[in-house]
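Asker: sequence below, structure please.
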Amino acid sequence: MKSDFKKEIRTYSAKHGEFSVVTVPTMQFLMIDGHGNPGTAQAYKDALTTLYPVAYKLKFFSKNELGKDYGVMPLEGLWWADDMESFTSARDKSQWDWTLMNMVPDWITPEHFEAALEAVARKGEAPALEALRLEPLEEGLSVQTLHIGPYDAEGPVLEEMHSRFIPGNSLAMTGKHHEIYLGDVRRTAPEKLKTILRQPVKPAV
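Answerer: Next up, the predicted model:
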């Protein structure tokens with residue numbers, strides 16, 4: 001039986017044109033940090049070419065050795081900057097900090113992770129293995145929506161989420177802006193890309 005966590009975990013679904021308040025369960029992720037424009041920064045390219053070989057190594061280890069198969073999850077990212085207008089009105093990508101992530105099931109242990117790192121390292125095709133880590137993420141109460149269209153068109157949606165919906169519902173932002181990429185940018189037209197936009201929140205004091 002192959003697990004499809006995109007269907008099993010309800011917060012991997014969101015509605016276009018609607019903000020929802022959800023409770024995100026704690027999950028563990030492969031994570032790798034970086035800084036700069038995702039379109040041009042070498043660190044971003046290195047992170048991508050490191051993340052997925054390890055994700056697939058763990059998936060096939062789980063299937064073949066543990067008897068637990070699952071679909072590799074979509075790419076996710078945490079994004080932040082000293083000035084949050086870099087994400088909304090200014091869109092100054094050179095100022096962005098990020099953590100690229102891929103969710104792996106909780107039965108994957110640190111020992112499994114270390115074995116996967118060693119196996120991938122032997123192939124010599126993952127340039128940033130030393131920066132990759134396995135770590136839980138606890139977001140809890142969050143606001144999210146589905147954005148359809150180019151990534152650079154997210155600004156007005158984020159502005160509405162941050163400036164109107166969240167304070168209008170007696171909430172305050174906490175934690176980092178989170179994106180879940182449901183489409184493959186290499187195979188999908190920009191106007192058809194689907195991205196879950198999520199912001200952890202807490203009750204406003």
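Asker: alpha carbons of the host helix or strand of residue 114, in CSV - could you do that?
Answerer: Assigned by DSSP states H and E, residue 114 belongs to helix 110-123. Output of helix 110-123 as CSV, limited to C-alpha atoms (Å, rounded to 0.1, in the frame of the first residue of the first chain):
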residue,chain,number,x,y,z
PRO,A,110,18.2,10.0,11.8
GLU,A,111,20.1,6.8,11.2
HIS,A,112,18.2,6.3,7.9
PHE,A,113,19.0,9.9,7.0
GLU,A,114,22.7,9.4,7.7
ALA,A,115,22.8,6.3,5.6
ALA,A,116,21.1,8.1,2.7
LEU,A,117,23.6,10.9,2.9
GLU,A,118,26.5,8.4,2.7
ALA,A,119,24.9,6.6,-0.3
VAL,A,120,24.3,9.9,-2.2
ALA,A,121,27.8,11.2,-1.3
ARG,A,122,29.4,8.1,-3.0
LYS,A,123,27.8,9.2,-6.3
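Asker: quick one: low-confidence parts of the chain?
Answerer: 84, 86-91 (pLDDT under 70).
Asker: ok, which stretches of it are strands?
Answerer: 2-3, 20-24, 27-35, 69-70, 76-80, 97-104, 133-137, 140-148, 171-173, 177-181, 194-203 (DSSP state E).
Asker: among those, which is nearest residue 158?
Answerer: strand 194-203 (6.5 Å; C-beta to C-beta). From N, CA and C alone the C-beta is placed, and that goes for glycine too.
Asker: who does the closest one touch, helix- and strand-wise?
Answerer: strand 20-24, strand 140-148, strand 171-173, strand 177-181 (3 or more C-beta pairs under 8 Å, 6 or more residues apart in numbering; DSSP states H and E).
Asker: tell me the centre residue of this structure?
Answerer: Centrality entry for the chain: nearest residue to the mean C-alpha point is residue 76, 1.7 Å, by C-alpha atoms, centre = their mean.
Asker: hey, what's it bridged with?
Answerer: Beta-bridge pairing for residue 76 (DSSP bridges): residue 101, residue 180.
Asker: likewise for residue 144?
Answerer: residue 20, residue 198.
Asker: contact partners for it?
Answerer: Shown in contact with residue 144 (C-beta atoms under 8 Å, 6 or more residues apart in numbering): 11, 14, 19, 20, 22, 196, 197, 198, 199.
Asker: format the helices and strands packed on strand 194-203 as CSV; extra columns: distance to residue 97.
Answerer: Shown next, in CSV, are the helices and strands packed on strand 194-203 (distance: least, C-beta to C-beta, whole Å):
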stretch, distance to residue 97
strand 20-24, 21
strand 140-148, 20
strand 171-173, 16
strand 177-181, 11
